[in-house]
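Novice: here's a sequence, model it:
(chains A and B)
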Protein chains: 2
Amino acid sequence: MSDSLYYKKHVFFCMNERDDGRPCCADRGAQAAQEHAKRRIKQLDQNGEGKVRINKAGCLDRCDQGPVLVVYPQGTWYTFVDQSDIDEIIDVDLLGGGIVERLKV
Amino acid sequence: MSDSLYYKKHVFFCMNERDDGRPCCADRGAQAAQEHAKRRIKQLDQNGEGKVRINKAGCLDRCDQGPVLVVYPQGTWYTFVDQSDIDEIIDVDLLGGGIVERLKV
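Specialist: Predicted coordinates:
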């Protein structure tokens, strides 16, 4: 663990950039979910240094369990179906410091 | 920290997807560096679950210090100039478990 974390919670959404062109998370609502998360964190004024960062990432290579996101530094992986799942991850984990057990992969 | 980390070292390269279109890490060799890292980790058979994952990410919002990458779960941020810097990060940090102090941001 670093002496000082630049982001308290750094979130990466898998956005389907598989090298072999096979479908992945992007076909399952990852982009809308990422945009929703980014917008909501901003609305709550929780984005930025010392707080939360919501990022897109290339393929995280857990396609069978997708769509997926990972929260660092803790290394918690989640799947999700809709915006209410994303809101629960935001409220319980990113802002609340807990874990959403039912969405963990 | 998670009970079990899916990747021992998960690396994200900032790849210039700023919302406002301003230049960022991609103008400073980030793509070539990411491709080099990914290729070398694969050649060393260090990619995959329980080992190392090299990813592209959208803008990590540290443009002034770019190009940058971040290594999780430890949360260490590095800048780099050329492939020999990337090789040093691979050898010392990703595979060696140390920190490359001179490249930290």
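
Novice: could you pull out the strands for chain A?
Specialist: Applying DSSP state E to chain A gives strands spanning A:9-14, A:52-57, A:68-72, A:76-79.

Novice: and the second one with chain B, contact?
Specialist: The one in question is strand A:52-57. Yes. Interface with chain B: strand A:52-57 contributes A:53, A:55-57 (Cβ under 8 Å from any Cβ of the partner chain). In this view, the C-beta of every residue, glycine as well, is placed from N, C-alpha and C.

Novice: ok, the residues you listed vs residue B:39, which is closest?
Specialist: residue A:57 (18.5 Å; Cβ to Cβ).

Novice: the spatially closest residue to that closest one that is not a sequence neighbour: neighbour count?
Specialist: Nearest residue to residue A:57 in three dimensions, chain neighbours excluded: residue A:12, at 4.0 Å (Cβ to Cβ, 6 or more residues apart in numbering or on different chains). Residue A:12 has 24 neighbouring residues, counting by other Cβ atoms under 10 Å in any protein chain shown.

Novice: one more: residue A:37?
Specialist: Counted with other Cβ under 10 Å, the neighbours of residue A:37 add up to 23.

Novice: that one: what's it in contact with?
Specialist: With contact set as Cβ atoms under 8 Å, 6 or more residues apart in numbering or on different chains, residue A:37 has these partners: A:11, A:13, A:54, A:86, A:89-90.

Novice: same question for residue A:11.
Specialist: Counted by Cβ under 8 Å, 6+ apart, residue A:11 has contacts A:37, A:52-55, A:69-72, A:94.

Novice: highest neighbour count among those residues?
Specialist: Busiest of the contacts of residue A:11 [other Cβ under 10 Å] is residue A:69, holding 28 neighbours.

Novice: from chain B, how far out is that residue?
Specialist: Distance, residue A:69 to chain B, using Cβ to the nearest Cβ, to the nearest Å: 12 Å.

Novice: looking at that residue now. What's its pLDDT?
Specialist: Note for residue A:69: predicted pLDDT of 97.

Novice: now it: closest residue in space that isn't a chain neighbour?
Specialist: Nearest to residue A:69 is residue A:13, by Cβ to Cβ, 6+ apart, at 4.7 Å.

Novice: and the helices in chain A?
Specialist: Applying DSSP state H to chain A gives helices spanning A:30-43, A:83-88.
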